[in-house]
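Visitor: sharing a model prediction with you, sequence too.
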Amino acid sequence: MRKLPSLLFLTLAACLAGHAAAQGVLRIGLNEDPDTLDPTLNRLATGRQPLTALCDKLFDVKTDLTLTPQLAAGYEIAKDGLSVTLKLRPGVKFHDGEPVDAQAVRYNIGRHMQLPGSLRRSELSMVDHVDVVDAATVRFVLKAPQANLLLFGLAERAGMMVAPQAAQRLGDRFGSQPVCAGEYRFVERVPQGRIVVEKFTDYWDAAQTKGDPDRIEYLPISDSTVRLSSLRSGQIQIAERLTPADLPQLAGDARAKIVSASDLGYHYIRYNSGNGARAATFRDVRVRRAVDLAIDRRVLVKALFNDQYLAGNQFVNPNSRYYDKAHPVPARDVAAARRLLQEAGVPRLAFSLLVPPERERQEAAQMIQAMLAEAGITMKIETQEDAVMLQNARRGDFDAIFNFWSGRPHPDGNIYAHIACSGPQNDSKFCDPELDKVMVQAREATSDGERERLYRQVNAILATDYPVSVLWHRRTFTGLSTKVSGFVPHPDSTIRVKGIRLQP
């Protein structure tokens with residue numbers, strides 16, 4: 001088990017002590033230090049935690065994954081499915097006082113679609129343009145009848161609205177000084193130290209949030225054992241992403257408790273099959289399949305997670321209506337893995353796996369390393385901070401990467417951006433035009449039954465191509481101080497601070 005360096009312990013203690021006397025301060029221990037706080041460019045799942053407090057969206061999703069209005073008051077889909085008209089809430093302001101009106105929405109959608117490096121572009125790829133009908137009404141004109149996909153996209157970071165004047169003034173510095181329209185406004189960020197936000201007095205839903213904490217401090221604590229200790233000692237009141245191994249330590253603890261929810265996301269290994277010179281290792285599908293067959297998913301879940309997680313092999317978990325039962329979780333087959341490597345001409349495969357310092361993936365990587373060795377495969381574990389790892393992946397500076405996707409309510413959000421030929425998160429540059437064609441058809445499907453049929457086709461192709469190895473689907477375990485009430489766990493693993501109450 002990794003130990004947090006003593007210097008980081010001291011830094012954490014100093015950050016906590018500096019505000020010990022403050023009243024109404026909620027401290028949340030994060031799994032890692034978030035990347036940029038610009039919703040257009042943000043990539044790490046952890047970044048969604050402070051962004052959710054800072055930046056309200058046009059819509060949100062409830063725990064049952066149905067849409068609920070947020071900055072938008074309602075919507076209407078045209079009969080041909082080629083436009084969606086939104087009515088905005090009146091009188092809503094950004095943190096700098098600028099109005100959240102139709103012009104602001106049009107600006108934000110244009111920014112999401114055009115800003116260099118935008119990770120929201122693919123989520124809005126169905127949008128042709130946005131029309132301002134009047135100050136409180138905006139119409140999305142679509143290239144294809146994908147209204148359902150658009151609405152669920154607007155319940156994610158693509159629906160987060162930023163203040164146009166501030167975004168234009170700050171340019172590429174906006175992510176370090178975000179100005180949005182959420183319940184909390186940005187105060188400061190100390191890298192690897194804390195992100196601080198405080199209540200926005202002119203918040204549109206202030207009547208419903210009157211008892212929420214006055215201030216929130218997000219503290220990156222990458223070691224789950226340290227997050228757990230900080231929770232039990234009262235230094236933090238919420239600890240995100242605890243592991244199944246942490247659960248017994250809170251049994252009978254009067255100071256803290258665990259809440260959980262099934263997770264939409266998945267953990268997976270991505271093979272670099274087409275991005276730069278290092279793609280040579282996994283360009284041959286037989287090599288990708290050999291590594292996949294050498295991994296025992298069920299043993300991983302049982303040994304590391306006490307069967308609290310679910311072994312998986314697809315972009316949705318086996319309980320989902322979109323799971324393809326014709327391609328179940330494969331059994332481990334070391335002999336078949338060795339045979340495939342012989343056929344591919346690399347009987348002694350060696351490669352590096354990029355892994356973040358997070359405990360779960362580190363321990364899983366070590367077990368996978370031992371499993372692969374039994375198939376004659378040498379896997380080197382290369383530890384990198386998550387943001388650095390993702391930057392290297394985008395450049396193609398990797399053989400394989402151990403990644404995590406936080407999941408989306410619409411199935412397209414779990415796959416298209418990662419697998420499509422032009423997908424912004426397709427760091428391996430894997431490309432199958434036939435697969436793209438079926439995924440687009442699934443985007444335009446107007447019924448659940450049609451979507452199910454098409455995603456079965458998608459899974460059948462992926463079961464042949466092996467661009468990634470999905471390994472498991474977790475439950476999200478969040479640690480709460482018994483002083484916290486009103487917290488509701490969500491399947492997307494994002495902490496909604498609205499409605500949380502904190503006893504003195």
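Guide: Happy to help now that I have it.
Visitor: give me every residue that touches Gly276.
Guide: Gly276 is in contact with 395-397, counting by Cβ atoms under 8 Å, 6 or more residues apart in numbering. Where you see a C-beta, it was placed from the backbone N, CA and C, and this is true even at glycine.
Visitor: Phe315 now?
Guide: Per Cβ under 8 Å, 6+ apart, neighbours of Phe315: 266, 405, 411, 414-415, 418, 462, 470.
Visitor: name the helix or strand for it, please.
Guide: For Phe315, there is no helix or strand it lies in under DSSP states H and E.
Visitor: do you know how far it is from Tyr266?
Guide: Distance from Phe315 to Tyr266, counting by Cβ to Cβ, to the nearest Å: 6 Å.
Visitor: can you pull out the helices in the stretch 351-500 of the chain?
Guide: Per DSSP state H, counting those that start in this stretch, the stretch 351-500 of the chain carries helices over the ranges 359-373, 386-395, 416-419, 433-444, 448-465.
Visitor: low-confidence ranges, the chain, go.
Guide: Residues of the chain meeting the criterion pLDDT under 70: 1-23.
Visitor: so what are the domain limits for the protein?
Guide: Residue ranges for the domains of the chain, per automatic domain parsing: 6-53+182-262+477-502, 59-165, 266-473.
Visitor: what would the ones you listed look like in TSV with distance to Gly171?
Guide: What follows is the domains of the chain, written out as TSV (distance: least, Cβ to Cβ, whole Å):
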stretch	distance to Gly171
domain 6-53+182-262+477-502	11
domain 59-165	10
domain 266-473	20
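Visitor: quick one on the thing from earlier: of the helices of the stretch 351-500 of the chain, flag the one that's most buried.
Guide: Highest mean neighbour count among the helices of the stretch 351-500 of the chain (mean count of other Cβ atoms under 10 Å): helix 416-419, with a mean of 24.
Visitor: what helices or strands is that helix leaning on?
Guide: helix 433-444 (3 or more Cβ pairs under 8 Å, 6 or more residues apart in numbering; DSSP states H and E).
Visitor: recalculate using a threshold of 10 Å.
Guide: strand 266-271, strand 400-405, helix 433-444, helix 448-465 (3 or more Cβ pairs under 10 Å, 6 or more residues apart in numbering; DSSP states H and E).
Visitor: picking up where we left off before, distance to Glu183 for the helices of the stretch 351-500 of the chain - can I get that in JSON lines?
Guide: Shown next, in JSON lines, are the helices of the stretch 351-500 of the chain (distance: least, Cβ to Cβ, whole Å):
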{"stretch": "helix 359-373", "distance to Glu183": "30"}
{"stretch": "helix 386-395", "distance to Glu183": "26"}
{"stretch": "helix 416-419", "distance to Glu183": "28"}
{"stretch": "helix 433-444", "distance to Glu183": "32"}
{"stretch": "helix 448-465", "distance to Glu183": "33"}
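Visitor: which one, of these, ends up nearest to Val179?
Guide: Among the helices of the stretch 351-500 of the chain, the nearest to Val179 by Cβ to Cβ is helix 386-395 (22.4 Å).
Visitor: for that closest one, report the contacting residues that lie outside it.
Guide: By Cβ atoms under 10 Å, 6 or more residues apart in numbering, the residues outside helix 386-395 that reach it are 31-36, 43-47, 117, 222, 270, 272, 275-276, 278, 354-358, 361, 382-385, 397-398, 400-404, 424-428.
Visitor: with stretch 496-504 instead?
Guide: 23-28, 49-50, 52-53, 56, 60, 63, 70, 182-184, 197, 203, 205, 208-209, 211-214, 216, 237-238, 480-490.
Visitor: taking those residues one by one, which sit in helices?
Guide: 49-50, 52-53 (DSSP state H).
Visitor: which one of these sits in the busiest neighbourhood?
Guide: With neighbours taken as other Cβ atoms under 10 Å, the top of the ones in helices among the contacts of stretch 496-504 is Ala53, carrying 29 neighbours.
Visitor: what about the strands in the stretch 251-400 of the chain?
Guide: Along the stretch 251-400 of the chain, counting by DSSP state E, counting those that start in this stretch, strands occupy 256-262, 266-271, 310-311, 350-355, 378-383, 400-405.
Visitor: contacts only, for Asp296.
Guide: 302-303, 311, 330-334, 367-368, 371, 374.
Visitor: could you redo the residues you listed as JSON lines and give each row distance to Val162?
Guide: What follows is the contacts of Asp296, written out as JSON lines (distance: Cβ to Cβ, whole Å):
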{"residue": "Lys302", "distance to Val162": "44"}
{"residue": "Ala303", "distance to Val162": "44"}
{"residue": "Ala311", "distance to Val162": "40"}
{"residue": "Pro330", "distance to Val162": "44"}
{"residue": "Ala331", "distance to Val162": "48"}
{"residue": "Arg332", "distance to Val162": "47"}
{"residue": "Asp333", "distance to Val162": "50"}
{"residue": "Val334", "distance to Val162": "51"}
{"residue": "Met367", "distance to Val162": "42"}
{"residue": "Ile368", "distance to Val162": "40"}
{"residue": "Met371", "distance to Val162": "45"}
{"residue": "Glu374", "distance to Val162": "51"}
